[in-house]
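Asks: Below is the structure, and that's it, no one-letter string:
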């Protein structure tokens with residue numbers, strides 16, 4: 001089960017990097033994923049209320065992004 005969860009996290013991180021057009025650094029994509037995961041954990045009641053705020057503030061203090069970049073629309 002742990003291997004499946006690890007694969008899901010890698011896919012999520014790669015999706016964030018791809019969504020940015022690969023303009024994000026790997027660590028930046030990880031930071032965004034951590035923020036999204038902490039928000040989801042709160043909503044599912046598997047993390048204490050306020051966890052997402054603590055994660056976001058810690059990442060902000062390090063100058064890391066905490067929101068997904070806006071997807072660009074390509075017109076061919």
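Replies: Right, received. Where do you want to start? Computed from a predicted model, the values in this text were never measured in an experiment.
Asks: Could you check how far residue 67 is from residue 14?
Replies: From residue 67 over to residue 14 the distance is 18 Å, taken as Cβ to Cβ, to the nearest Å. Placement of C-beta: from N, CA and C, glycine included.
Asks: Let me fix that, I meant to ask about residue 38.
Replies: Counting by Cβ to Cβ - residue 38 and residue 14 are separated by 19 Å.
Asks: Check which residues of stretch 44-63 are buried.
Replies: 47, 52, 55-56, 59 (16 or more other Cβ atoms under 10 Å).
Asks: what secondary structure does residue 28 sit in?
Replies: Here residue 28 is helix, with the state taken from DSSP: H, G, I helix; E, B strand; the rest coil.
Asks: What pLDDT does the model give the residue nearest to residue 41 when sequence neighbours are not counted?
Replies: Excluding its sequence neighbours, the residue lying closest to residue 41 (Cβ to Cβ, 6 or more residues apart in numbering) is residue 47, at 3.6 Å. Listed pLDDT for residue 47 reads 97.
Asks: Distance of residue 31 relative to residue 46?
Replies: 20 Å.
Asks: again but with residue 58, I slipped
Replies: Following Cβ to Cβ, the distance that separates residue 58 from residue 46 is 19 Å.
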